[in-house]
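> structure here, sequence nowhere to be found:
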């Protein structure tokens, strides 16, 4: 009679061992997946940068843009009539004190005031897929077409109502490592007299010497940078006060601040609940900063955001 009793007791024990094994396997798989996601999203790098930020002195913070201090004050404002056009980039023009955005799906240029109100819409005739825009000097804008791998410098006046690519100088940006995810970002750096260009994926930076007035000379040059730990590069901006660079990534839901040497200084996540955002910015595609340090972002399809320091 002793043997059956021992056998019946071993069944629950075996079930417990099996359940424990399944739980441990599930936990291990979850940990592996979580680690993979953390690496892919660069949460490990963001964690290190977050720790770095804790040790920055008030003086160092004051000398930088310091993105952690920014709070949204215009949250997901809809740009009317542009839901099918896909906002692709944004730039601030200090001469007009206005913003200019390019729409990539149906190519046109939009001028906005600093509240995100539309002032005028200008069709871009001859462009295939304008993805980047940067304000230069004297009413000039540099527009990057990702599909055609080209850069065009246009001149605007207060009376401009449309732009034809055939009327302006064009520059070949050459091949990219990923032809379908090519040059998408552009910013003008007046301090260093250069245009900065960014490839979307894999993220890479290039420079082209420019005084903002004269035609471009020579060719673009690679700007080596080990700090672009992002899934993609959506847009670039330059802070006119510090000269620091803003690097935007839609896939990483991240905005980075880099100093003049390319070192990471601060970052801002674009998820809901951070920096006053009610929801995640769906697909951040353009970034700009004005003379006062106010930060602007546009997102596909037609959303406008403004951030200020309290």
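Looks like it arrived, so ask away. All of these numbers come straight from a predicted model, not from anything done at the bench. Numbering: from 1, shown residues only.
> what's the burial count for residue 281?
24 (other Cβ atoms under 10 Å). Quick note: C-beta positions are derived from backbone N, CA and C, even for glycine.
> list the residues that contact it.
By Cβ atoms under 8 Å, 6 or more residues apart in numbering, the residues touching residue 281 are 76, 253, 270, 297, 299, 303, 305.
> quick one: buried residues of stretch 86-99?
86, 87, 88, 89, 90, 91, 92, 93, 98, 99 (16 or more other Cβ atoms under 10 Å).
> would you list the residues you listed in a markdown table and tack on distance to residue 264, pLDDT and secondary structure?
As requested, the buried residues of stretch 86-99 are exported to a markdown table (distance: Cβ to Cβ, whole Å; pLDDT from 0 to 100; DSSP: H, G, I helix; E, B strand; the rest coil):
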| residue | distance to residue 264 | pLDDT | secondary structure |
| --- | --- | --- | --- |
| 86 | 29 | 90 | coil |
| 87 | 26 | 95 | strand |
| 88 | 25 | 95 | strand |
| 89 | 22 | 97 | strand |
| 90 | 22 | 98 | strand |
| 91 | 23 | 98 | strand |
| 92 | 23 | 98 | strand |
| 93 | 28 | 97 | strand |
| 98 | 30 | 98 | strand |
| 99 | 26 | 98 | strand |
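> will you turn the residues you listed into a markdown table that also has distance to residue 176?
Shown next, in a markdown table, are the buried residues of stretch 86-99 (distance: Cβ to Cβ, whole Å):
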| residue | distance to residue 176 |
| --- | --- |
| 86 | 20 |
| 87 | 22 |
| 88 | 17 |
| 89 | 17 |
| 90 | 22 |
| 91 | 22 |
| 92 | 27 |
| 93 | 28 |
| 98 | 31 |
| 99 | 27 |
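> by neighbour count, which of the contacts of residue 281 wins?
Most surrounded of the contacts of residue 281: other Cβ under 10 Å gives residue 297, at 27 neighbours.
> which of the helices or strands spans the residue nearest in space to the middle of the chain?
Among the residues of the chain, residue 248 comes closest to the average C-alpha position under Cα atoms, centre = their mean, at 1.8 Å. If you go by DSSP states H and E, residue 248 is part of strand 245-249.
> coming back round to it: who touches the residue nearest to the centre of the chain in this structure?
185, 233-237, 254-256, 284-287, 297.
> go again with 10 Å.
89-90, 185, 198, 230, 232-237, 254-256, 268, 270, 281, 284-287, 297 (Cβ atoms under 10 Å, 6 or more residues apart in numbering).
> that one pairs with what?
The residues listed as beta-bridge partners of residue 248 by DSSP bridges are residue 235, residue 255.
> distance of it from residue 80?
Relative to residue 80, residue 248 is positioned 24 Å away (Cβ to Cβ, to the nearest Å).
> then residue 165?
27 Å.
> between those two, which one's more packed in?
residue 165 (19 against 9).
> quick one: residues contacting the more buried one.
Counted by Cβ under 10 Å, 6+ apart, residue 165 has contacts 107, 124-128, 130, 143, 145, 148, 150, 152, 154.
> who's in contact with the nearest residue in space to it that is not next to it in sequence?
Excluding the flanking residues, the one nearest residue 165 by Cβ to Cβ, 6 or more residues apart in numbering is residue 126, at 3.3 Å. Counting by Cβ under 10 Å, 6+ apart, residue 126 makes contact with 107, 145, 148, 152, 163, 164, 165, 166, 167, 168, 170.
> which secondary structure state does the residue nearest to the last one when sequence neighbours are not counted sit in?
If the residues on either side of it in the chain are set aside, residue 170 comes closest to residue 152, at 4.9 Å by Cβ to Cβ, 6+ apart. Going by DSSP: H, G, I helix; E, B strand; the rest coil, the secondary structure assigned to residue 152 is strand.
> I'd guessed residue 152 sits against residue 128; true?
No. Judged on Cβ atoms under 10 Å, residue 152 makes no contact with residue 128 at a distance of 11.3 Å.
> the more surrounded of the two?
Comparing residue 152 with residue 128 by other Cβ under 10 Å, the one with more neighbours is residue 152, at 22 against 15.
> tell me what that one is bridged to.
So, taking DSSP bridges as the rule, residue 152 has residue 143, residue 170 as bridge partners.
> any idea how far the residue nearest to residue 170 lies from residue 86?
19 Å.
> what does residue 295 give?
Counting by Cβ to Cβ, the gap from residue 295 to residue 86 is 21 Å.
> kindly report the same for residue 280.
Relative to residue 86, and taking Cβ to Cβ, residue 280 is found at 18 Å.
> then residue 201?
From residue 201 to residue 86 the distance is 17 Å (Cβ to Cβ).
> residue 129 too?
In terms of Cβ to Cβ, residue 129 sits 10 Å off from residue 86.
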